[in-house]
Each structure stands twice: as C-alpha cells, then as structure tokens.
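A.B. asks: Give me a 3D structure for the following:
(one chain, ligands or ions: 1)
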Amino acid sequence: MPFAEIEGHQKQLEALIRSLEGNRLHHAYLFLGPDGVGKRKIAFSLAAAIHCPFRDRDSCGQCETCLSVRDGNHPDVRTIGPETGKREITIRQMRDLQRQLEFRSFSGKKKIAIIDPANIMNYHAQNSLLKTLEDPPGDALLILVANSTASLLTTVLSRCSRLCFTYISVGKVAEVLERRSGVTPEKARILAALTGGSLGEAMNCDATELLDQRKRWIERFSSLSLGDHRGVMALAEEMAGDRELSLQVVQWIEGWYRDILIHQMTGSEYEIRNIDMVESIREAASVHPLDHILSVLSLVGRVKRELQRNYNRRMILEDFLINVATRNPQ
Ligand SMILES: [Zn+2]
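C.D. replies: All right, here's what the predicted structure looks like:
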C-alpha cells in the first residue's frame, strides 16, 4: 500500500520518507506499538517504496513489483515469522536469513527482511541476529515489528532505529470506517470505540454482524446467575466449539467489566467502549460490587492464556463462567 493511502501515523511516515529522500535509511528498524495499528502494513509500504520503479519516495501500489511485495513474492523482500505450529522464531530461521543476505539483491536495490513478530525470537535467534545487526551487508534492511520490547535483548534494541506507533484516535478510526466501509456514522463510532483505536481490527469486521453478536453474548453472560449450571454449561459448550469465538467472547466479557469498572470509578461515560450500551453499563455499575468486577477482570488474563495454549477449552470456560455467574448481582 502506498504511504499516501495510509491513515494516521503521519510523523512516522514523514520520518521514513525523509530518510528515503536523503538515502539515509538505517540498516535496521524496530517498528514498535500495539497490535492492529498498522506496523506490518507500513513495513511492507516501505519495502514497496524502495522497490517500486514508478515512484520516488513512495510506491504506486499497482505495478508488478508492488504487487509482488504485497503478496510476499518479491525475491528481495522476505518475512520471517513463526513456522507453522511453533511459537518462537528460531536460530535456524536466523541462519537462513543470514545466508540469504549474503547474496546480492536480485533487483540491485535493498534486500529487506521483515521480522514479525520480532518479540518471539528466542534468545539464540536474537544472539544470531545480533551478528547481522553488528555487521550488516551493505544492501540489507531489517525491519523488526514488535508490540513490546520486553523479550528483546538490549543489545538488539540498541542497534535498531526505533519508530513508535500508537493507536490512532477513536474519532479518526470512525471517520475512516465511515468513508471506507460505508457503515453508518453511528456504527462507525461504536466500532471505533469497541476496537479502542485499532484501525486494522475495525476494518476487518463485518460491523453489523459483529456488533449484534457482541450484544447478544453480553446479554447472555451478564444474565448468568448463581446456581444456573445449565446456563453455564450451555454457554461454555457453545463457546468451546470454536477457539476464535471463545477468545472473542472472553474479550467482550473483559470489555464489558472494564466499562462497568470505569463507570463506577469515574461516574462518567468517557472512555467507555460499548458506547451503545451505556444504559446497561450504568445499571450494572450501580449493583456490581467493586471486588467482583476486579476478580472477573483478573481471571480474564489467565483464561485468555489458557485458551491460547489449547488446554481443554470447555473445562476452562465452564470454570470461568461459573466464576462470572457467582459474581453477577443476584
Ligand atoms: Zn509500483
């Protein structure tokens, strides 16, 4: 995608374009910021801008070169991520990359490697990458894409030029959604608030379906009551059938209790995500004891991790929903 078509992140894009203009790109970048804000897309835009023969300092987005970069088929642009079934990027992948970087580029331009997500490189992979970062081949450009620096070695971090990305404003996300997806202003506003300023996430949804689905699930889990084992079992069974759905619903549960907490602490609707359900949030905030909200929220983190690790979904969800039911006001 050409830089010109990217929404938001103007400062970061200008910095990249200036470096392209002056031929002053660093040999390694760290694109740092939360998921869904467009870091990977911008890494590919940079790769296309370097290789597209039809534009200076940007790409045309339509030529054969641009399309091959976009589709991951360009011989000088590689993406390194976890291999199927793996949770780490390994030293073997880094050694492969190093071997490839030793050859000259096919196009005579830069050889680009996008490591995404870079924060799952294991220790040995990072140490191996360090050698490349310390002595990079002249035509190499490495882009590390990460949502956190926590697991990255300081030696790796110190050799990358850092570009930080943040969520674009909820108002901007809503405006883009309205313009690009043709949803109503009302829906755009709800969706933007719900996804917390992640344009990627917001653009990926079928707005109407998603909003309705969320509402239905919220109504179901917030009406579970103590001793309602049948309700808990039915809900758990339905969620457990689909890993993505179970993660999504847990996220909705988190968002719901988060909103109740915010309303209870601030007495205002500012910062609430489920903005189309303010009435119900206000009502729930008036009857939920604070320690119940906090205990559901603290369970959510654990449940998400367990679901991602593919433990017995149904058991995890039953346990979790019993907890939610116990803490719902009776
Ligand atoms: Zn092009």
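A.B. asks: Now do the residue of the stretch 201-330 of the chain found nearest the ion, the pLDDT please.
C.D. replies: Nearest to the ion, among the residues of the stretch 201-330 of the chain, is Met203, at 22.6 Å (Cβ to the ion). The way it works is simple: take the backbone N, C-alpha and C, and place the C-beta from them, glycine included. In this prediction, Met203 carries a pLDDT score of 80.
A.B. asks: Could you count how many residues lie near it?
C.D. replies: Look at Met203: counted by other Cβ atoms under 10 Å, it has 18 neighbours.
A.B. asks: That one contacts Arg180, doesn't it?
C.D. replies: Yes - counting by Cβ atoms under 8 Å, Arg180 is a contact partner of Met203 at 7.0 Å.
A.B. asks: What are the buried residues along the one helix or strand in the chain whose mean pLDDT sits lowest?
C.D. replies: Lowest by mean pLDDT, DSSP states H and E among the helices and strands of the chain is helix 199-203, with a mean of 80. By neighbour count on 16 or more other Cβ atoms under 10 Å, the buried set for helix 199-203 is 199, 201-203.
A.B. asks: helices or strands next to it in the packing?
C.D. replies: helix 170-181, helix 185-194 (3 or more Cβ pairs under 8 Å, 6 or more residues apart in numbering; DSSP states H and E).
A.B. asks: ok, and which of the ones you listed has the densest surroundings?
C.D. replies: helix 185-194 (a mean of 21; mean count of other Cβ atoms under 10 Å).
A.B. asks: Contact distance from the ion - what residues of this structure qualify?
C.D. replies: 52, 54, 59-60, 63, 66 (Cβ under 5 Å from the ion).
A.B. asks: which residues of the stretch 151-300 of the chain fall in helices?
C.D. replies: 154-157, 170-181, 185-194, 199-203, 207-222, 229-240, 243-266, 278-287, 290-308 (DSSP state H, counting those that start in this stretch).
A.B. asks: Lowest average pLDDT across these?
C.D. replies: Taking the mean pLDDT of the helices of the stretch 151-300 of the chain, helix 199-203 comes last: a mean of 80.
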